[in-house]
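[1] got a predicted structure plus its sequence, pasted below:
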Amino acid sequence: MSEDFRARARPVPKGNRYEDFEPGRVFKHHWGRTITESESTLFSTLTLHFNPHYFNAAYARAHGHPGLVANPLLVFTTVFGMTVEDLSEGGGPFLGVNELAYHQPVYPGDSLRAESVVLDGRVSDSHKGFGIVTWHTKGFNQREELVIDFKRTNLVRQRVSQ
C-alpha cells in the first residue's frame, strides 16, 4: 500500500519565483503570531541575552514598562519567519538585512503580523537561474502599531532561466 502511495505522489513546487516579485507588489503574510512570556524568557536565556528587561518584571516596571519586554531579536526572527512562505520558500540564498528599526517595545501577549512590499529586483549576473530581490517588511502589533521594519535581500530562483 505504501508503494502505491509513493507512485501516485507528485511534487508540488513551493514558494514564489523571481518573476512573481514585481516592484510595488504587497504581500500580507499569514495569520500572525502571539509572543508569549515563556518563549521570550527561554529565547533570551538560550541566546545569552541577559538584559533584565526580558526576564525580570519588577526591573522592567521600574524602567517604565508594564511588565516584561519581549526580546527584540525574538520579535525580529518572528516577523522575519512570517515572511518566508511568501518571499523565500522557493529557494535561494539569503543575502542580508538592512535598515532594521525597532519602533516600540513588544510585550508578552502581543500578537504580531507582517507585510512586505517588493522594492527591487534584477536578474543575477553571477548566478544563472536566479534573480536578486529586495523587500521592505513591516511588523505590526494587534493595535496596528508599527513595531519593527527592515529591508531584506535574497537570491530567488527564476521560473525559467534567462
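    Everything's here; your move.
[2] can you map out the strands along this structure?
    26-28, 33-34, 94-102, 111-123, 130-140, 146-157 (DSSP state E).
[3] possible to save the ones you listed as CSV with mean pLDDT, distance to Thr45 and mean neighbour count?
    Using the backbone N, CA and C atoms, a C-beta is placed for each residue, glycine as well. Shown next, in CSV, are these (pLDDT from 0 to 100; distance: least, C-beta to C-beta, whole Å; neighbours: other C-beta atoms under 10 Å):
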stretch, mean pLDDT, distance to Thr45, mean neighbour count
strand 26-28, 97, 33, 13
strand 33-34, 98, 20, 14
strand 94-102, 97, 21, 12
strand 111-123, 97, 21, 17
strand 130-140, 97, 23, 21
strand 146-157, 97, 22, 20
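[4] and of the ones you listed, who's closest to Pro52?
    Between Pro52 and these, the tightest spacing by C-beta to C-beta is seen for strand 94-102, at 17.9 Å.
[5] please name the residues that touch the residue positioned nearest the centre of the chain.
    Nearest to the mean C-alpha position of the chain, by C-alpha atoms, centre = their mean, lies Phe80 at 1.1 Å. Counting by C-beta atoms under 8 Å, 6 or more residues apart in numbering, Phe80 touches Val97, Thr137, Phe150, Arg152.
[6] let me know the angle separating the lengthiest helix in the chain from strand 111-123.
    Secondary structure assigned by DSSP state H gives helix 72-87 as the longest helix of the chain. Note on geometry: by axes from the mean of the first three to the mean of the last three C-alpha atoms, to 10 degrees, helix 72-87 and strand 111-123 are set 50 degrees apart in direction.
[7] just want the angle from helix 72-87 to strand 130-140.
    Calculated by the same axes, to 10 degrees, helix 72-87 forms an angle of 130 degrees with strand 130-140.
[8] would you mark the buried spots in helix 72-87?
    For helix 72-87, the neighbour count (16 or more other C-beta atoms under 10 Å) marks Pro72, Leu74, Val75, Phe76, Thr78, Val79, Phe80, Met82, Thr83, Asp86, Leu87 as buried.
[9] how about the nearest residue to Leu146, chain neighbours excluded?
    Distances taken as C-beta to C-beta, 6 or more residues apart in numbering place His103 nearest to Leu146, at 4.9 Å, with adjacent residues excluded.
[10] wouldn't that neighbour be in contact with Val147 here?
    Yes: contact criterion C-beta atoms under 8 Å: His103 and Val147 qualify, at 5.6 Å.
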